[in-house]
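Asker: Build me a structure from this.
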Amino acid sequence: MRTALLSLLLLAQPLAAQTPMGAEAFAAYTQGRTLTFSADGMPYGAEEYGPGRHVRWSFLDGRCREGRWYPQGDRICFVYEDMEGGPRCWTFWREGGGLRASFAGEGGGSVLYETAASDEPLECLGPEVGV
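Answerer: As a prediction, the model looks like this:
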């Protein structure tokens, strides 16, 4: 009996890892944190997750975009200020010590991996001022 139960638990772990995060789990994991992501082993960007589903994104160039996220089925979608082309929707999974995100939009195929997490806010440059 114990062997059968242990076998079932071991089989269930990979299935649970393949279940996308829902909105509640995503909010609980991200709120109050700044996560850094990589793609293909290269730094990609960082996002600060605030209260009320508020986000701030940067491609690690010091420029930040304010936005919000919302759930859509098993996806988490993001809308940012001055963004063209509609929302950017991703499917998130807990994997190892962080998140894996797969882009769910046109073209698909993009996969991001969480590489760092901090409780510090995202560093953003001030507004550009012309002469």
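Asker: Please count neighbours and contacts with C-alpha atoms only from this point.
Answerer: Will do.
Asker: Need the pLDDT of the closest residue to residue 67 other than its chain neighbours.
Answerer: Leaving aside its chain neighbours, residue 67 sits nearest to residue 80 (3.9 Å; criterion: CA to CA, 6 or more residues apart in numbering). Residue 80 is assigned a predicted lDDT (pLDDT) of 96.
Asker: can you count the residues close to residue 80?
Answerer: For residue 80, the count of nearby residues is 19 (other CA atoms under 10 Å).
Asker: likewise residue 61?
Answerer: 10.
Asker: For it, give me phi and psi.
Answerer: Phi and psi for residue 61, reported as degrees, to the nearest 10, are phi -110, psi 10.
Asker: Identify the residues contacting it.
Answerer: Under the criterion of CA atoms under 8 Å, 6 or more residues apart in numbering, residue 61 has no neighbours.
Asker: Next secondary structure element downstream of the least confident helix or strand in the chain by mean pLDDT?
Answerer: Averaged element by element with mean pLDDT, DSSP states H and E, the chain has its least confident helix or strand at helix 2-17 (a mean of 40). Toward the C-terminal end, the helix or strand that comes next after helix 2-17 (DSSP states H and E) is helix 23-30.
Asker: That following helix: which residues count as buried?
Answerer: Judged by neighbour count (16 or more other CA atoms under 10 Å), helix 23-30 contains these buried residues: 23, 26-27, 30.
Asker: CA atoms only for that helix, dumped as CSV, please.
Answerer: Listed next in CSV are the C-alpha coordinates belonging to helix 23-30 (Å, rounded to 0.1, in the frame of the first residue of the first chain):
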residue,chain,number,x,y,z
ALA,A,23,-4.1,34.3,-11.2
GLU,A,24,-4.2,33.8,-7.4
ALA,A,25,-0.9,31.8,-7.4
PHE,A,26,0.7,34.3,-9.8
ALA,A,27,-0.3,37.2,-7.6
ALA,A,28,0.9,35.5,-4.4
TYR,A,29,4.3,34.7,-6.0
THR,A,30,5.0,38.0,-7.6
